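In: Build me a structure from this.
(one chain, ligands or ions: 1)
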Amino acid sequence: MDPADFYTGIVAEIYGPLKSFSQDPEPYAAFIQQTGMPALELGCGDGDPLLELRRRGLDVDGVDSSADMLERFRRRADEQDIRATVFHQRMEALNLPRRYRAIFLAGPTFTLLPDDATALAALRGIRAHLAEGGTALVPLFTPAPTPTEQIGRVRTAATPDGAELRVSVVAEQRDETARTQTTLLRYERHHGSDSTIEERPWIMHWYTRDQFDKLATTVGLAVTAVTDSYGKPAPADGTGLLHFRLQAT
Ligand SMILES: C[S@@+](CC[C@H](N)C(=O)[O-])C[C@H]1O[C@@H](n2cnc3c(N)ncnc32)[C@H](O)[C@@H]1O
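Out: Predicted structure coming up:
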């Protein structure tokens, strides 16, 4: 399976009910207010924080590679009476009709791009879709290995129609040279005598600050700031979620 298709089928179904945490919309609202509109969220998924940003009247479009996540997005938008334009595209093959003052990812979605070549293609697309003077915001982190005691631990949720959803980590491999961690996840849906069980590899790929700087420079972008999620100076040890701001050179 292509990593861009990971959040489809049973994974998209389980994503909402088993989501442990939603991105705080504040840093992204503040970013858009500072840098201007229109804005674009890459990897908007089923709508956090894009729906809240639209509810506040901000002009933000979305892009996601999963038609199943976008279907859930549209359903939630209808329920909340919110209008939003979303595009079914991969961020590494962006081709949109507008140019944006602000392009961002909410949380570390950029680490779902499985290698430097795909990241480079995504950064090239970001560069091409920035309006003159526009800014991009890419949150990055280095994932920690899953603690051994959590391997095999099952998290469950129930759907309104009475199905039981389950997700667990089966195994994990980490490659420090390729900077990737591949977590084999097992997704299950049980409803009466009906069961669906699927195992999928979830890949995360990370960067040192220098490596990300170099990729950005290659496509005509420059890192203009690195902060924590709330715009404060990044911690000196470089840990946690870092917000990289990029502008065209
Ligand atoms: C962890 S979810 C985050 C969704 C949402 N922003 C949230 O916080 O709930 C990551 C999203 O990125 C999308 N995605 C993954 N790879 C992508 C790619 N190459 N291009 C566009 N979207 C991608 C997935 O389909 C998924 O909806």
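
In: Going by C-alpha atoms from here, please, whenever you check contacts or count neighbours.
Out: OK.

In: what about residue 78, how many neighbours?
Out: 12 (other CA atoms under 10 Å).

In: what secondary structure does it sit in?
Out: helix (DSSP: H, G, I helix; E, B strand; the rest coil).

In: can you pull the contacts of the spatially most central residue of the chain?
Out: The C-alpha lying nearest the average C-alpha coordinate of the chain belongs to residue 109 (CA atoms, centre = their mean; 2.5 Å). Each residue near residue 109 by CA atoms under 8 Å, 6 or more residues apart in numbering is listed here: 43, 139.

In: What distance do you get for it to the ligand?
Out: Residue 109 sits 5 Å away from the ligand, going by CA to the nearest ligand atom, to the nearest Å.

In: just residue 7 next, same as before
Out: For residue 7, the distance to the ligand - CA to the nearest ligand atom - is 5 Å.

In: Kindly report the same for residue 17.
Out: 11 Å.

In: how about the helices of the chain, start to end?
Out: Under the criterion DSSP state H, helices of the chain are mapped to 10-15, 26-35, 50-55, 67-79, 116-129, 209-218.

In: gap between the residue nearest to the centre of the chain and residue 203?
Out: Separation of residue 109 from residue 203 (CA to CA, to the nearest Å) stands at 11 Å.

In: my guess is residue 111 meets residue 204, correct?
Out: Yes - contact status for residue 111 versus residue 204: in contact at 5.2 Å, counting by CA atoms under 8 Å.

In: Spit out the residues that contact residue 109 and residue 203 alike.
Out: Counting by CA under 8 Å, 6+ apart, nothing touches both residue 109 and residue 203.

In: Contact partners for the closest residue to residue 7 other than its chain neighbours?
Out: Sequence neighbours aside, residue 66 is the residue nearest to residue 7 in space, at 6.1 Å (criterion: CA to CA, 6 or more residues apart in numbering). For residue 66, the contacting residues are 4, 5, 7, 8, 45, 88, by CA under 8 Å, 6+ apart.

In: Return the entry from these with the maximum number of neighbours.
Out: Greatest neighbour count in the contacts of residue 66, by other CA under 10 Å, goes to residue 45: 26 neighbours.

In: distance of it from the ligand?
Out: Where the ligand is concerned, residue 45 sits at a distance of 3 Å (CA to the nearest ligand atom).

In: State the pLDDT value of the nearest residue to that residue once chain neighbours are set aside.
Out: Spatial nearest neighbour of residue 45, excluding adjacent residues (CA to CA, 6+ apart): residue 69 at 5.1 Å. Residue 69 is assigned a predicted lDDT (pLDDT) of 98.

In: so residue 69 makes contact with residue 8?
Out: Yes - counting by CA under 8 Å, residue 69 touches residue 8, with 6.9 Å between them.

In: can you give me the strands in this structure?
Out: With DSSP state E, the ranges of strands along the chain come out as 39-42, 60-64, 86-88, 100-104, 130-140, 154-158, 164-175, 180-191, 194-205, 221-227, 242-248.

In: wait, what's in contact with the nearest residue to residue 201 once chain neighbours are set aside?
Out: Among residues not flanking residue 201 along the chain, residue 184 sits closest, at 4.4 Å (CA to CA, 6+ apart). By CA under 8 Å, 6+ apart, residue 184 lies in contact with 169, 170, 171, 172, 199, 200, 201, 202.

In: Going by distance to residue 41, which of the residues you listed wins?
Out: residue 202 (21.5 Å; CA to CA).
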